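Peer 1: Here is my input; please provide its structure:
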Amino acid sequence: MRFVYDNSAENVRNPNHPPQRVKGGNRAVDEMAHLWLQVLPKQSGGSDPRALIQEAMARHNLQKNPEDFEAQYNLAALLQMRGQLNESIGHFLQALRIRPGDAIANNALGAALLASGRVSESIPPLATALKARPDYFDA
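Peer 2: Got it, this is the predicted structure:
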C-alpha cells in the first residue's frame, strides 16, 4: 500500500493554482489528511477481537454523549450478536428514543424481541420498520 500527497502544479486535482503551502488540520480547507491503521494479530478460533474494540468505543462514546444514535445502535447490535438480548433491547430502545422512525433499528429491535421469545412485543417495531421503508428487504 502506498499513499502519495502531490501538491504540485502538475496535479490536476490540486485546488490551488499556483500551489500554496500545505497546512495540516481538520478543517475542510486543510490539505493534509490523517491516516490511521489498526493492526490486530490473526487469531485462530475464539471471538473476533474487533468486537471488543467496537464495544469499548461505543461505550466510551455513550459516556460522552448518551444521545449518540449510532453508538446506541452499534452497541445494541453487538450485544444482540453475542446473545445478550436484554441489554441489547435496552440499547435499541434508547436508539429509537433518539430516532423513532429508523427502519433498520426498529427491525433490529423486533428481531431481538423475537429471539428473546417476546413475540407480541416484536410486532409494533417490525410494523414500524415496514411502514417506514416498504422496500427494506429485511423488514
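
Peer 1: what's the neighbour count on residue 87?
Peer 2: Residue 87 has 14 neighbouring residues, counting by other CB atoms under 10 Å. All C-beta spots, glycine's among them, are computed from the backbone N, C-alpha and C.

Peer 1: and the residue nearest to it when sequence neighbours are not counted, how many neighbours?
Peer 2: If the residues on either side of it in the chain are set aside, residue 87 comes closest to residue 79, at 5.0 Å by CB to CB, 6 or more residues apart in numbering. As a burial measure, residue 79 scores 21 neighbours (other CB under 10 Å).

Peer 1: Just confirm residue 79 contacts residue 94, I think it does.
Peer 2: No: taking CB atoms under 8 Å as the definition, residue 79 is not a contact partner of residue 94, at 11.9 Å.

Peer 1: how near is the residue nearest to residue 87 to residue 36?
Peer 2: Taking CB to CB, to the nearest Å as the measure, residue 79 falls 26 Å from residue 36.

Peer 1: Next, the buried residues of the host helix or strand of residue 61.
Peer 2: Assigned by DSSP states H and E, residue 61 belongs to helix 49-64. Going by neighbour count (16 or more other CB atoms under 10 Å), the buried part of helix 49-64 is 58, 61-62.

Peer 1: Next, the contact list for the residue nearest to residue 87, please.
Peer 2: Contact analysis of residue 79 by CB atoms under 8 Å, 6 or more residues apart in numbering lists 85, 87-88, 91.

Peer 1: Alpha carbons of the helix or strand where it lies, in PDB - could you do that?
Peer 2: Assigning secondary structure by DSSP H and E places residue 79 in helix 69-82. Once non-C-alpha atoms are left out, helix 69-82 reads as follows in PDB (Å, rounded to 0.1, in the frame of the first residue of the first chain):
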ATOM      1  CA  PHE A  69     -27.800   7.200  17.900                       C
ATOM      2  CA  GLU A  70     -25.000   5.300  16.100                       C
ATOM      3  CA  ALA A  71     -23.300   4.300  19.300                       C
ATOM      4  CA  GLN A  72     -26.600   3.100  20.900                       C
ATOM      5  CA  TYR A  73     -27.400   1.100  17.700                       C
ATOM      6  CA  ASN A  74     -23.900  -0.300  17.200                       C
ATOM      7  CA  LEU A  75     -23.700  -1.400  20.900                       C
ATOM      8  CA  ALA A  76     -27.200  -2.900  20.700                       C
ATOM      9  CA  ALA A  77     -26.300  -4.900  17.500                       C
ATOM     10  CA  LEU A  78     -23.000  -6.100  19.000                       C
ATOM     11  CA  LEU A  79     -24.800  -7.300  22.200                       C
ATOM     12  CA  GLN A  80     -27.500  -8.900  20.100                       C
ATOM     13  CA  MET A  81     -24.800 -10.800  18.100                       C
ATOM     14  CA  ARG A  82     -23.400 -12.100  21.400                       C
END
